[in-house]
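**Q** Sequence isn't available, so here's the structure alone:
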C-alpha cells in the first residue's frame, strides 16, 4: 500500500536538522582554491579576516568537516520560520496530465520571502559573536538584502546594503522593507565608494550589476572600523548554511518513502541550488543513488551553459580574491532581466566543479517562458513565485511533460526559493505582453570573457 | 510536566476540519433579520437570489444548521495552503518581559496573503456549481480581490473587482496581482455604474469607500447576465466559511493543552474576527468556558466603539438590503487610514449582536501605535504583518504588558490575518515619520449617523 501523500508536509520542530552539511567533505575532488591575485597564492583564513568574519572565513576554507553544529541562537530563529514545507504539486501534475510526481521545497514563508534568511541569520550571528558593529552587503533582487536586514535587526547590527540600481528602480518597495528592519540601502553604483565613482565616471547611466555592488560593499567593509562584508550566495559558507534546505527535503521525502529522480534548482550564484542538492549530490558522489541534478539559469545570463571555467574575480571592481568558476567575465553587463537574483556573472566554485566533473546538468531558459510557467503555477498552486524560483518551475514542467510523452513515472523535486510579491512590475509587464527576452549573441558575450585577467602561474 | 510548545504548530492534513461551524445555531438570541427596505419585510432566500448565489443565500439565512460540510472541491484547495500554523510568539513575549503566553493564528501563507481565500474559494465554488459565468465584488486593501481572483482563476469564472480608489492608488501592485490571476480591476467610484457616476458627479475627487465599491459591484451583478455578487466580509456566510480559522486554532491549542483567556481579532467587516472566535464564543455562550473576546478597530473608523446599533444599508448607494448592525452610517467617508480592510462603515450583524449583548469587547486604536506594534512584531517574529492584522498585534501587546504589570499568566490568542507585502507605502510613511492619525471628532461623525434612513415600522 502506498503512503497517503499530503499536499504539504511540515516536519516537526524536533525533526529539524541540528547540523549543516558540508558537501565538500564528500567530494572526490575539491574545487581549486581561492587565490590572492597579488601573490598568486591560495588565500588562507587570515587573508580573509579583513573581509569576512573569522568563523565564516574558517567555514569558507574547510573542506574536511562533514557536519557543523548549528548554533543554538541560530536554531532558535530557524524555529520561527522553519521547517519549510515539502509540497506536492497535485494540481500542476493534473493540469499537465503527467505520470510524474512533482514535489517542491517552499522557502518563501518568511518576511524576506526566500531561502536567503537561512544564511543571513547564520552570518549575522557570527558577526555579532565577533563583536562587530555592522556588516555590508550587496543585493540583486532584494531578497538577500531583506533577509539580512531582518537578521541584523534581530542581532542589533548595523547594515549597509548596496542594491543593483536596476532592481532598486524596478522594486521600489524593497527599499522600504529593508528600511523597516533598519537596513541602510543605496543604489549601486553609488558615489559612496571608489569602485562606484569609477563606474559612474565612465558610464553615468550604468544600471548596476551584482559584481559592481559586491565591489562597493567589500570596499566599505574593509575601509570601515568594526565592519565586515557578508554575501548571500556563491561562497562555500553560504552553501553550507543553505544545506538545511536539502537536509529537510531529504528527511521529508524519506517520511513519504520518496526519493527524487531529478532535483532541479535555479542558479544565480548557487545558494539555493547548492543547499537543495547537498544530500542528493552526496548520494550521487558516494554511489548510493543516482539522481539527475539540474541547474536552471536565465538565457540572458548563462554562466554555466555559455561561460568559461576559469579563475575570475567575484566582483566588477576586482578587489575580491579570485575563484575558479564558470563565469561570463567579471565585467559582463547582464541585460535587465527581471530575475535580479540570477544576474551574476559567476557561479559557486563548488557547483562549478561539480558541473565541470559532470555530476550536474545545466539548462538556460528564456524569461517569457519562465513567466508562462510562473503564472501557470500560481494559478494552480496558490503561490506566486519569485521570477528566480520560476526558472526551476519552468524546468520541472518541461521534465514532467517529457514524462507524459514517455510514460515514465519520475519523481521530480524542485526548489521554490521564494515569493514574487516584490516582482509585480515584472508580472505587470508579462500581463501586458511587454516582456522581452534578452539573449546575448556570442559577439556580445566575447568581450567580457576575453577580458578575464590572466594570472601568471595560474592561468595564462 | 508541561508539554513542549513548538514555535509553529501545523495540524496534519487529516486533522483539518471537514465542516464549517455556524455560530448562530448556538446563539441564545439571533440578530435581527436583513430587511428589504422597499417592503420593510425580512428578506427571504428568494429575495437574495438576484444578488447572491442560491446556496450562499441559503447559508446566509440559516441560523439552525450547526455544521455545514465543506465540499470536497473546496477541501482540495484548502489542502494546498491549509492548515495554517498556530504560532507561539516566544520572541515577542521575551521582549515584552511578560508572563503572558502569546499565540497567533497566521493566515498569510498563501498568495492572496490573507485569510480571505477561505471564503473566496467557497464562494467561487458555489458560483461555479450554479453554472454562473462570473462574479463581481469590491475590495478595500486588495486582499479580498486577490483571494477571489485566485479562486475564480481556479474555477474558471470571470471576475470584476471594484477597488476603493485610495487603495488602488496606494497599492499599485495589487492590481497587477489580481490581473495575473485574470481578474478585471476598476478603481471605485468608476464610470461603469449608475452608483459610481452619481458619486463622481457630486465629488470628482472622491477617494472611494467600501460602501461605494459594494454599490458598484452589486449594480453590475444584478444588471449582467450570468453574474452574481460576492462579498468578502460582513455577511453571515463569510463568517461561516471563516470558522475554519477558529476551528483549526481550537484544535491546535487542544493539542498543546492550551485554551485562550483572551481572543483578539481586528475588525473591519468582521470576517476574520467572526471566524477566529467562533468556537471560543460558542464555549462562552454555552457556559463551557469564559474567554474574553476583543475586537480591535481603527480609531479612524470606529463602528463598534462610536457607531450606533441600527438598521442601515451595507453600501453607500443604498441598493443592498438593510442590516441591523453597528454603523457609522452608510454615507460615512472614512479618512485615508492605511488599513484599507478596516475602513468600512458597518459591521457583521452577528458580531454586532454579540457586542450589543456584551459577549464581546471592542477597542479602537490609533494608526501610528498600530505601526509601532507592526514593526516591533516584524523584527521579532519574521513576519511583516498587514496593517489590518497589526491592529490585533497592538491589542495583544497591550494585554501582555498589562500581564507584566499584574503578574497574571494569561494565554492570549490573536488572529494574524495576513502579510503586509503590498503595504510598503504605509510602512515607508511610518519609517519616514510621515504617518498621521485620523480620529474623527463627534461633529465629523454626526452627519452620517444622522443620515441613516428611517424605515417606517422598523426604526423611527
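**A** Thanks, I have it. Since this is a predicted model, take the numbers as computed values, not measurements. Numbering: from 1, shown residues only, chains lettered A, B, ... in the order given.
**Q** How many residues are close by residue A:72?
**A** Applying other C-beta atoms under 10 Å in any protein chain shown, we find 9 residues neighbouring residue A:72. Where C-beta positions appear, they are placed from N, C-alpha and C, glycine not excepted.
**Q** if I look at residue A:422, how far off is residue A:145?
**A** Applying C-beta to C-beta, to the nearest Å, the value for residue A:422 to residue A:145 is 11 Å.
**Q** what do those two both touch?
**A** Residues touching both residue A:422 and residue A:145 (C-beta atoms under 8 Å, 6 or more residues apart in numbering or on different chains) are residue A:174.
**Q** what about those two, which has more around it?
**A** More crowded of residue A:422 and residue A:145, by other C-beta under 10 Å: residue A:145, with 32 against 27.
**Q** quick one: contacts for residue A:448?
**A** A:328-333, A:345.
**Q** mind running it again at 6 Å?
**A** The contact partners of residue A:448, by C-beta atoms under 6 Å, 6 or more residues apart in numbering or on different chains, come to A:328-329, A:331-332.
**Q** so what's it closest to, chain neighbours aside?
**A** residue A:329 (3.1 Å; C-beta to C-beta, 6 or more residues apart in numbering or on different chains).
**Q** hang on, the earlier thing: select, from the contacts of residue A:448, the two members most distant in space.
**A** The largest separation in these, counting by C-beta to C-beta, is between A:328 and A:331 at 9.1 Å.
**Q** neighbour-wise, which of these two wins?
**A** residue A:328 (26 against 20).
**Q** In this structure that one contacts residue A:303, no?
**A** Yes. Assessed by C-beta atoms under 6 Å, residue A:328 is found in contact with residue A:303 at 5.4 Å.
**Q** The stretch 1-150 of chain A: helices as residue ranges?
**A** A:45-48, A:54-61, A:72-81, A:90-96, A:117-129, A:143-155 (DSSP state H, counting those that start in this stretch).
**Q** I'd like those laid out as CSV, including mean pLDDT and distance to residue A:211.
**A** Listed next are those as CSV, based on pLDDT from 0 to 100; distance: least, C-beta to C-beta, whole Å:
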stretch, mean pLDDT, distance to residue A:211
helix A:45-48, 90, 19
helix A:54-61, 97, 19
helix A:72-81, 95, 29
helix A:90-96, 97, 35
helix A:117-129, 98, 19
helix A:143-155, 96, 15
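**Q** Looking at those helices, which is nearest to residue A:262?
**A** For these, proximity to residue A:262 was assessed by C-beta to C-beta; helix A:90-96 is nearest, at 14.1 Å.
**Q** Secondary structure element holding the residue nearest to residue A:448?
**A** Using DSSP states H and E, residue A:329 sits within no helix or strand.
**Q** Surely it and residue A:452 touch.
**A** Yes. Counting by C-beta under 6 Å, residue A:329 does reach residue A:452; the two are 5.0 Å apart.
**Q** Of those two, which one has the most company?
**A** Taking other C-beta under 10 Å, residue A:329 and residue A:452 do not tie; residue A:329 has more neighbours (25 against 22).
**Q** check contacts around the more buried one.
**A** Remark: with contacts taken as C-beta under 6 Å, 6+ apart, residue A:329 is in contact with A:448-449, A:451-452.
**Q** now do residue A:323
**A** Counting by C-beta under 6 Å, 6+ apart, residue A:323 makes contact with A:34, A:314, A:349.
**Q** quick one: it is in a strand?
**A** Yes. Counting by DSSP: H, G, I helix; E, B strand; the rest coil, residue A:323 is part of a strand.
**Q** now it: how far from chain B?
**A** 32 Å (C-beta to the nearest C-beta, to the nearest Å).
**Q** Where does whatever residue of the stretch 51-200 of chain A ends up closest to chain B sit: helix, strand or coil?
**A** Using C-beta to the nearest C-beta, residue A:173 is the residue of the stretch 51-200 of chain A that sits closest to chain B, at 3.5 Å. Judged by three-state DSSP, the three-state class of residue A:173 is helix.
**Q** can you check the one 4 residues further on too?
**A** Residue A:177 carries the three-state label helix when classified by three-state DSSP.
**Q** Which other helices and strands does the helix or strand hosting residue A:412 contact?
**A** In the assignment (DSSP H and E), residue A:412 maps to strand A:411-416. If you count contacts as 3 or more C-beta pairs under 6 Å, 6 or more residues apart in numbering or on different chains; DSSP states H and E, strand A:411-416 packs onto strand A:101-106, strand A:262-266, helix A:387-406.
**Q** Throw the ones you listed into a markdown table and include mean pLDDT and distance to chain B, thanks.
**A** As requested, these are exported to a markdown table (pLDDT from 0 to 100; distance: least, C-beta to the nearest C-beta, whole Å):
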| stretch | mean pLDDT | distance to chain B |
| --- | --- | --- |
| strand A:101-106 | 98 | 9 |
| strand A:262-266 | 98 | 19 |
| helix A:387-406 | 98 | 12 |
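**Q** can you give me the offset of stretch A:297-309 from its chain's centre?
**A** Stretch A:297-309 sits 15 Å away from the centroid of its parent chain (C-alpha atoms, centre = their mean, to the nearest Å).
**Q** what's the straight distance from one end of that stretch to the other?
**A** End-to-end distance of stretch A:297-309 (C-alpha to C-alpha, to the nearest Å): 16 Å.
**Q** contact partners of that stretch?
**A** Contacts for stretch A:297-309 (C-beta under 6 Å, 6+ apart): A:267, A:295, A:326-328, A:334-335, A:337, A:339, A:342-343, A:347, A:355-356, A:362, A:364, A:366, A:438-439, A:449.
**Q** Which ones among those residues map onto helices?
**A** A:355-356, A:449 (DSSP state H).
**Q** No further queries at this time; thank you.
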